[in-house]
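Q: this one's structure only:
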């Protein structure tokens, strides 16, 4: 594995976890959204999952002028969970946050979320976010979450966007994603909520989630399949409980659409 980039100030450092695969169209604006953060004490660990485009070259261009950005390259294409876990392993920060290579943060995202966590002594938080299309046009949909959520409630519906979450790795330890193709972020939040009673929501839209046509996350049938796999294979729930929580997930999605 090849690693590029420098070392950071570890005091209240936020480690940003970003998997990269064939995202040359978006990675530049994603990096810029991190550089524009009003909170400056961060490191961005980008893991290239054997991209076939110019994405890694674009990242290297930014590394030349900003040693807070690091690039790692996996030896073979292994999927998003492996890529994120490698980044988590290398992370030096007190806090770990997630930002995929096609998503964006508003400039005050880290500053406001970190203040929210430290003032309230919260170890796991998330924010609201909005959806954009492939060309970054607003889809006029803000994804809102409840004030707080526990393990059982999260099983009914994943209210936490990957780009919106942050956890305190110093307090909770590093928590990794299970090696499933999709819903690994959902699985990670469930693992975190086995260590803390609640995750808490900063009720402000601070990020933009990009909907890419043809992605697994845009295919509802696939999401049902991966949720079932999560409940049965990762959480080890019974068939009855898995069906119960899967039904809740589907019902919640339908109600949100209405």
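A: Thanks, I have the structure now. Only a predicted model underlies this, so the values are computations on that prediction, with no experimental measurement involved. Residues are numbered from 1 along each chain as shown.
Q: ends of stretch 122-142, how far apart?
A: Between the start and the finish of stretch 122-142 there is a gap of 24 Å, counting by C-alpha to C-alpha, to the nearest Å.
Q: buried stuff in that stretch?
A: 122, 123, 124, 125, 126, 127, 128, 129, 130, 131, 132 (16 or more other C-beta atoms under 10 Å). To be clear about C-beta, it is placed using only N, CA and C from the backbone, and glycine gets the same treatment.
Q: Taking those, tell me the two that lie furthest apart.
A: The largest distance within the buried residues of stretch 122-142, taken as C-beta to C-beta, falls between 123 and 132 and amounts to 29.5 Å.
Q: Which of the buried residues of stretch 122-142 fall in strands?
A: Cross-referencing the buried residues of stretch 122-142 with the strands (criterion: DSSP state E) gives 124, 125, 126, 127, 128, 129, 130, 131, 132 as the overlap.
Q: can you redo those residues as JSON lines with pLDDT and distance to residue 118?
A: JSON lines is the format used below for these (pLDDT from 0 to 100; distance: C-beta to C-beta, whole Å):
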{"residue": "124", "pLDDT": "98", "distance to residue 118": "13"}
{"residue": "125", "pLDDT": "98", "distance to residue 118": "10"}
{"residue": "126", "pLDDT": "98", "distance to residue 118": "16"}
{"residue": "127", "pLDDT": "98", "distance to residue 118": "15"}
{"residue": "128", "pLDDT": "98", "distance to residue 118": "20"}
{"residue": "129", "pLDDT": "98", "distance to residue 118": "21"}
{"residue": "130", "pLDDT": "97", "distance to residue 118": "25"}
{"residue": "131", "pLDDT": "96", "distance to residue 118": "29"}
{"residue": "132", "pLDDT": "96", "distance to residue 118": "29"}
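Q: any chance of these in CSV, plus distance to residue 104?
A: Output for these, formatted as CSV (distance: C-beta to C-beta, whole Å):
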residue, distance to residue 104
124, 22
125, 19
126, 16
127, 13
128, 14
129, 9
130, 10
131, 11
132, 8
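Q: If we only consider those, which is nearest to residue 139?
A: Nearest to residue 139 out of those is residue 131 (C-beta to C-beta; 4.3 Å).
Q: residue contacts, the closest one?
A: Contacts here follow C-beta atoms under 8 Å, 6 or more residues apart in numbering; on that basis residue 131 touches 138, 139, 141, 142, 143, 208, 209, 210, 211.
Q: closest to residue 160 among those?
A: If you rank those by distance to residue 160 using C-beta to C-beta, residue 143 comes first, at 9.6 Å.
Q: So the closest one is in contact with residue 207, correct?
A: No. Counting by C-beta atoms under 8 Å, residue 143 sits too far from residue 207 to count as a contact (9.4 Å).
Q: Who has more neighbours out of the two?
A: Legend: neighbour count by other C-beta atoms under 10 Å for residue 143 and residue 207, higher for residue 207 (23 against 17).
Q: Looking at the contacts of residue 131, which two lie furthest apart in space?
A: For the contacts of residue 131, the farthest-apart pair by C-beta to C-beta is 142 and 210; their separation is 14.6 Å.
Q: any idea where the helices of this protein begin and end?
A: For the chain, the helices defined by DSSP state H occupy 27-35, 55-63, 80-90, 109-120, 151-156, 169-172, 184-192, 220-229, 239-257.
Q: Mind listing what's buried along the longest strand seen in the chain?
A: Using DSSP E to define each element, the chain has its longest strand at strand 199-210. By neighbour count with 16+ other C-beta under 10 Å, strand 199-210 contains the buried residues 199, 200, 201, 202, 204, 205, 206, 207, 208, 209, 210.
Q: so where is the stretch 101-250 of the chain shaky, pLDDT-wise?
A: Low-confidence segments of the stretch 101-250 of the chain, defined by pLDDT under 70, are located at 214-220.
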